[in-house]
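S.K.: Turn this into a model:
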Amino acid sequence: MESGPAVFAGVVFTVFGAVLLMWTGTRAWRGRPVAEGVRQVTAAALTGGFGLVSGCGGVWMLLSG
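M.R.: All right, here's what the predicted structure looks like:
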């Protein structure tokens, strides 16, 4: 059985990653800037990558143990 803090951290990382991916996708799809002073494609790819890594890390925290 997993400890309480590990479950909490897994849920937080998973939800954060999912919301970041949805936000980035919505901004890129509508053509709005994802970050100030950075090219649109670079910002969307970098932010989407962070969202994917965060979501996968959260799922890994929930499944390992």
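
S.K.: how near is residue 19 to residue 3?
M.R.: 25 Å (Cβ to Cβ, to the nearest Å). For the C-beta atoms, the positions are set from N, CA and C on the backbone; glycine is no exception.

S.K.: Of the two, which one has the most company?
M.R.: Of the pair residue 19 and residue 3, residue 19 is the one with more neighbours under other Cβ atoms under 10 Å, namely 13 against 9.

S.K.: so what pLDDT did that one get?
M.R.: In this prediction, residue 19 carries a pLDDT score of 96.

S.K.: if you average pLDDT over stretch 45-65, what comes out?
M.R.: The model assigns stretch 45-65 a mean pLDDT of 91.

S.K.: Only the buried residues of that stretch, if you could.
M.R.: Going by neighbour count (16 or more other Cβ atoms under 10 Å), the buried part of stretch 45-65 is 47-48, 51, 54-55, 57-58, 61-62.

S.K.: Give me the distance between it and the centre of its chain.
M.R.: Remark: stretch 45-65 is offset 6 Å from the chain centroid, using Cα atoms, centre = their mean, to the nearest Å.
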